[in-house]
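Enquirer: Sequence first, predicted coordinates after that:
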Amino acid sequence: MTPATLNQKPLNDANRLGLDYRIEATRFNYTGPIIDVHTHIGTLEASRLYFKIADLFGVTKTVSMTKLENIDGIWDDLGDQRDRIEFIAVPNYEAATEPGTFTTDWLYRMEKFREKGCRIIKFWAAPRGRDVHSEAFHLDSPTRRESIKLAYELGYRLFMTHVGDPDTWFEKKYTDAKKYGTKAQQFEPLEELLDEYSDVTWIGAHVGGWPEDLEFVQGMLDRHPNYVLDTSAAKWQVRELSKRPDAFRAFCGKNAGRVLFGTDIVANDSNIDFDLYASRYWALRTLMETDYTGPSPIVDPDLSMVDPSLDEKSTAELCGAGIGGDVLNEVYFGAADKILG
């Protein structure tokens with residue numbers, strides 16, 4: 001599918017092709033409902049623009065990591081459409097430097113999110129978390145184990161986790177393996193928890209954190225029937241899955257019902273930007289359901305980080321996987337609909 005609006009809009013970091021995303025959104029063949037299970041809709045003003053873009057791209061329900069204090073305002077603004085968004089319990093990252101943010105305050109917030117009816121909780125465990133707190137982001141630390149135990153006791157039965165980061169980051173950012181561990185080591189405590197909390201559905205963010213190695217991710221799925229994945233982190237997924245679109249299409253078919261659509265859109269007052277939000281939906285839908293081969297519209301800083309000879313405005317090659325039929329419906333809607341109930 002060749003874009004119809006190349007070079008019709010001013011260029012920016014979310015639109016290096018000059019696309020009119022409003023027009024491009026109407027050109028996808030899939031017209032069924034879409035559930036986005038991984039967003040960060042942070043504020044009321046940003047949510048208003050976000051939902052306009054969600055409408056354009058067929059997103060009927062959004063699952064968001066939103067600060068506890070901002071939930072009611074977004075719900076109230078949606079009125080009788082408040083079921084368009086469901087919230088994931090998360091710590092108050094705005095207060096990352098405050099004592100107790102990832103210990104006592106987090107335990108308090110877990111209860112308050114639950115009182116609001118939240119069913120999903122996020123246990124973020126990216127290696128860079130160790131720069132923020134010495135042990136709270138290790139999945140096997142006492143602090144983290146305490147929070148997981150409390151979440152289970154409170155009735156959460158959907159745990160989202162982020163344990164891997166791009167291979168490019170392990171190459172360039174996480175060179176101190178003593179501090180950050182190897183990429184494979186990130187998954188060892190997760191596998192223990194998947195067995196320990198076997199009646200919990202665990203959502204592995206970002207294609208399980210290892211889209212570069214679908215064989216490894218397949219092994220995780222094979223070993224743990226309570227493990228599912230989302231497709232969030234648009235730049236990362238476009239860069240890596242475009243290298244093996246046929247393998248990704250086969251992966252989704254083999255694991256129908258266990259691959260959920262997600263974008264990782266971050267919408268806050270500091271970045272209220274139509275192209276920024278729309279580009280993530282256009283790029284991921286193009287990757288999923290079309291045969292497009294060409295440049296992504298989104299600047300990908302990892303490219304020049306790994307190869308300094310590349311321009312800082314470089315974008316990855318985007319190669320569509322051409323997923324269709326029942327498999328595509330499962331990725332976009334069916335799998336999440338079953339899991340969310």
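Expert: Yes, it's here. Just so you know, these numbers come straight off a predicted model, no measurement behind them.
Enquirer: Could you use CA atoms for every contact and neighbour count after this?
Expert: Noted.
Enquirer: Can you report how many residues lie near Leu56?
Expert: 16 (other CA atoms under 10 Å).
Enquirer: hang on, I meant Asn255
Expert: Asn255: 17 neighbours (other CA under 10 Å).
Enquirer: And the pLDDT for it?
Expert: With respect to pLDDT, Asn255 has a value of 98.
Enquirer: Over to it: give its phi and psi.
Expert: phi -110, psi 30 (degrees, to the nearest 10).
Enquirer: What of Trp124?
Expert: According to degrees, to the nearest 10, Trp124 has phi -80, psi 130.
Enquirer: Glu289 contacts Asp326, correct?
Expert: No - the criterion here is CA atoms under 8 Å, and Glu289 misses it with Asp326 at 11.9 Å.
Enquirer: Those two - which one has more neighbours?
Expert: Higher neighbour count among Glu289 and Asp326: Glu289, with 20 against 12, using other CA under 10 Å.
Enquirer: Please list all residues in contact with Glu45.
Expert: 268-269, 272 (CA atoms under 8 Å, 6 or more residues apart in numbering).
Enquirer: host element of it?
Expert: helix 44-56 (DSSP states H and E).
Enquirer: next one: Phe170
Expert: helix 167-172.
Enquirer: As a check, name the ranges of all helices in the stretch 51-200 of the chain.
Expert: In the stretch 51-200 of the chain, the segments counted as helices under DSSP state H, counting those that start in this stretch are 71-78, 104-115, 142-154, 167-172, 177-180, 188-196.
Enquirer: And the contacts of stretch 281-288?
Expert: Outside stretch 281-288, the residues that touch it by CA under 8 Å, 6+ apart are 21, 24-25, 28, 57, 234, 238, 242, 263, 292, 296-297, 318-323, 328.
Enquirer: Spatially central residue in this protein, please.
Expert: Geometric centre of the chain, nearest residue: Ser232, 2.9 Å, by CA atoms, centre = their mean.
Enquirer: from what I can see that residue touches Ala205, true?
Expert: Yes - in this structure, Ser232 is within contact of Ala205 by CA under 8 Å, at 6.4 Å.
Enquirer: Identify the contacts common to the two.
Expert: His38.
Enquirer: For the stretch 1-150 of the chain, which segments count as strands?
Expert: 34-41, 59-65, 85-89, 120-124 (DSSP state E, counting those that start in this stretch).
Enquirer: and those strands as CSV, adding distance to Met110?
Expert: As requested, the strands of the stretch 1-150 of the chain are arranged in CSV below (distance: least, CA to CA, whole Å):
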stretch, distance to Met110
strand 34-41, 17
strand 59-65, 13
strand 85-89, 6
strand 120-124, 8
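Enquirer: how about those, which one is nearest Val228?
Expert: Evaluated with CA to CA, the strands of the stretch 1-150 of the chain place strand 34-41 nearest to Val228, the distance being 11.7 Å.
Enquirer: Within its sheet, name the partner strands of the closest one and how each one runs.
Expert: Counting by DSSP bridges, the strands paired with strand 34-41 are strand 59-65 (parallel), strand 265-267 (parallel).
Enquirer: In a markdown table, list the ones you listed along with mean neighbour count and distance to Phe333.
Expert: Putting those into a markdown table (neighbours: other CA atoms under 10 Å; distance: least, CA to CA, whole Å) gives the following:
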| stretch | mean neighbour count | distance to Phe333 |
| --- | --- | --- |
| strand 59-65 | 21 | 9 |
| strand 265-267 | 22 | 18 |
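Enquirer: Now distance to Arg285 and mean pLDDT too, for those, in CSV please.
Expert: CSV is the format used below for the strands paired with strand 34-41 (distance: least, CA to CA, whole Å; pLDDT from 0 to 100):
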stretch, distance to Arg285, mean pLDDT
strand 59-65, 11, 98
strand 265-267, 14, 98
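Enquirer: related to what we said a few turns ago, report the buried residues of the helix holding Glu45.
Expert: By 16 or more other CA atoms under 10 Å, the buried positions in helix 44-56 come out as 44-48, 50-51, 53-54, 56.
Enquirer: Same list, the residues you listed, but as a markdown table with distance to Leu158 please.
Expert: Below are the buried residues of helix 44-56 laid out as a markdown table (distance: CA to CA, whole Å):
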| residue | distance to Leu158 |
| --- | --- |
| Leu44 | 25 |
| Glu45 | 28 |
| Ala46 | 26 |
| Ser47 | 24 |
| Arg48 | 27 |
| Tyr50 | 25 |
| Phe51 | 24 |
| Ile53 | 27 |
| Ala54 | 24 |
| Leu56 | 28 |
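Enquirer: Can you tell me which of those comes closest to Met110?
Expert: Nearest to Met110 among these, with distances taken as CA to CA, is Leu44, at 21.6 Å.
Enquirer: What is the end-to-end distance of stretch 183-201?
Expert: Using CA to CA, to the nearest Å, the end-to-end distance of stretch 183-201 comes to 23 Å.
Enquirer: got the buried residues for that stretch?
Expert: 183, 186-187, 190, 193-194, 197, 200-201.
Enquirer: Now for those: which two are most distant?
Expert: Across these (CA to CA), the longest gap, 24.1 Å, separates Lys183 and Val200.
Enquirer: Kindly calculate the angle that the host helix or strand of Leu287 makes with strand 59-65.
Expert: Assessed by DSSP H and E, Leu287 sits inside helix 274-289. Helix 274-289 runs at 110 degrees relative to strand 59-65, counting by axes from the mean of the first three to the mean of the last three CA atoms, to 10 degrees.
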